[in-house]
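Asker: Sequence first, then the predicted structure:
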Amino acid sequence: MNIVILDGYTANPGDLSWKEMEALGHLTVYSRTAATEVVVRAANAEIVLLNKVKITSEIMAQLPKLKYIGVLATGYNVVDVDYAHEHGIVVSNIPAYSTESVVQMTFAHILNITNQVGHYADEVRLGKWSAHQDFCYWDTPIGELTGKTFGIVGLGHIGMRVATIARNFGMDVFALTSKETSMLPDGIQKTTLEGLLSVSDFLSLHCPLTPETNKLINADRLKRMKPGAILINTGRGQLVDEKAVAEALESGQLLGYGADVMTLEPPSKNNPLLRHPHAYFTPHIAWASKEARMRLVDIATQNVQAFMEGHAQNRV
């Protein structure tokens, strides 16, 4: 079978191998593909793999050989799944491959904001510690996580691991989740969104992006959060109203915002959050550890092989 990867660079910029995928058919890998190039590049493919390239119904209608779409990610909103199902095109994704990496980044942001690691590394390089008269130097508040209240929106694979680690830090954990209370581990208390906003010293977003969660954290809800709370977003940029977050940081309602995602990616240079001293961004790399990407490539290959053997897995 002809296999085409339309945007393989982010998953594998050259430090991994597509060797196992190559063994399954005639493989063509493009680093990046513009929207205008999709039909031409996928014209002879029975199998198409992609990450952020969009496959609309109009595109699929021009690809009569297409039998399978493999999304090189967990989210699959780039594919018109309804059209694919109607026309017998199998779509699969790669669930839970980056859980540990995203959890790690979540706490990297939390600890950076509370301990100001980046700030102090810069201060030391500038000679501030060397010029100080005491054996230690600090110019910002430093706090502990133990005893603080940690709120989580969404208790999927990532949210549950985050909750476990928060508990290990000695934090009181509350969650907004569809899971029944009886299904929750000891130490995680289910609550409403209003309850979560009112008690959380830290609020971390781990829910999928849906019409209901789009701008879940908006100006009104930010006002109902505890003054001086810290907001963490390693889910999707659209879960928050970025303008409202910038205003909450400016007023002091939010002490800090740590995020790996933004509404527009790459972001506009004019986005006010990029200039705010209490907003901390990483460039959508929580998923991108080498270990996570290795799992992604392995599972993508397994998905293709399973499809070719007639028992497709991870179907969406």
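Answerer: Happy to help now that I have it.
Asker: what ranges do the strands span in this structure?
Answerer: 2-5, 26-29, 47-50, 68-71, 90-92, 149-153, 172-176, 188-190, 202-205, 229-233, 254-259, 279-281 (DSSP state E).
Asker: Who are the packing partners of the second one?
Answerer: Of the remaining helices and strands, those touching strand 26-29 by 3 or more C-beta pairs under 8 Å, 6 or more residues apart in numbering; DSSP states H and E are strand 2-5. Every C-beta, even on glycine, is put in place using the N, C-alpha and C of the backbone.
Asker: same check, this time on the third one
Answerer: Counting contacts by 3+ C-beta pairs under 8 Å, 6+ apart, the secondary-structure elements packed against strand 47-50 are strand 2-5, strand 68-71, helix 290-308.
Asker: now the longest one
Answerer: For strand 254-259, the elements it packs on are helix 99-115, strand 229-233, helix 242-251, strand 279-281, judged by 3+ C-beta pairs under 8 Å, 6+ apart.
Asker: If the closest residue to Gly235 other than its chain neighbours is in a bridge, with which residues?
Answerer: Counting by C-beta to C-beta, 6 or more residues apart in numbering, Gly235 lies nearest to Leu205, which is 4.5 Å off, once chain neighbours are set aside. Per DSSP bridges, the residues bridged to Leu205 are Val153, Asn233.
Asker: Burial check on Leu205, number of neighbours?
Answerer: The local packing of Leu205 (other C-beta atoms under 10 Å) involves 25 other residues.
Asker: unless I'm mixing things up, it is touching Val245, no?
Answerer: No. Using C-beta atoms under 8 Å, Leu205 makes no contact with Val245, being 11.4 Å away.
Asker: And the helices and strands packed on strand 254-259: which comes nearest Ala73?
Answerer: helix 99-115 (12.1 Å; C-beta to C-beta).
Asker: which residues touch that closest one?
Answerer: 117-118, 142-145, 157-158, 161-162, 165, 202, 204, 206, 230, 232, 234, 255-256, 258-260, 280, 282, 285-289, 291-292 (C-beta atoms under 8 Å, 6 or more residues apart in numbering).
Asker: got the buried residues for that helix?
Answerer: Within helix 99-115, the residues that count as buried by 16 or more other C-beta atoms under 10 Å are 99-110, 112-114.
Asker: For Leu209, see how far away the residue nearest the centre of the chain is.
Answerer: Closest residue to the average C-alpha location of the chain: Gly235 at 4.0 Å, with C-alpha atoms, centre = their mean. Distance, Gly235 to Leu209, by C-beta to C-beta, to the nearest Å: 7 Å.
Asker: cool, Asp134 as well?
Answerer: 48 Å.
Asker: neighbour-wise, which of these two wins?
Answerer: A side-by-side neighbour count of Asp134 and Leu209, using other C-beta under 10 Å, places Leu209 first with 17 against 7.
Asker: quick one on the thing from earlier: any chance of the helices and strands packed on strand 254-259 in a markdown table with distance to Trp18 as columns?
Answerer: As requested, the helices and strands packed on strand 254-259 are exported to a markdown table (distance: least, C-beta to C-beta, whole Å):
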| stretch | distance to Trp18 |
| --- | --- |
| helix 99-115 | 21 |
| strand 229-233 | 32 |
| helix 242-251 | 36 |
| strand 279-281 | 31 |
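Asker: CSV please, covering these and showing mean pLDDT.
Answerer: What follows is the helices and strands packed on strand 254-259, written out as CSV (pLDDT from 0 to 100):
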stretch, mean pLDDT
helix 99-115, 98
strand 229-233, 98
helix 242-251, 96
strand 279-281, 97
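Asker: Relative to Leu222, which of the ones you listed is closest?
Answerer: helix 242-251 (4.4 Å).
Asker: Let me see the domain layout of the protein.
Answerer: Following the TED database, the chain resolves into domains at 2-96+290-309, 98-281.
Asker: Format the ones you listed as TSV; extra columns: distance to Val316.
Answerer: Below are these laid out as TSV (distance: least, C-beta to C-beta, whole Å):
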stretch	distance to Val316
domain 2-96+290-309	5
domain 98-281	12
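Asker: before we move on, the earlier item: intersection of neighbour lists for Leu205 and Val245?
Answerer: By C-beta under 8 Å, 6+ apart, the residues touching both Leu205 and Val245 are Ile217, Leu231.
Asker: what about the stretch 101-250 of the chain, any weak spots by pLDDT?
Answerer: Applying pLDDT under 70 to the stretch 101-250 of the chain flags no residue at all.
Asker: Spit out the contact partners of Glu37.
Answerer: Taking C-beta under 8 Å, 6+ apart as the test, Glu37 contacts no residue whatsoever.
Asker: again with Ala219
Answerer: Ala219 touches Asp241, Ala244, Glu247, Ala248, counting by C-beta under 8 Å, 6+ apart.
Asker: Compare the residues you listed and tell me which has the most neighbours.
Answerer: That'd be Ala248 among the contacts of Ala219, by other C-beta under 10 Å, with 25 neighbours.
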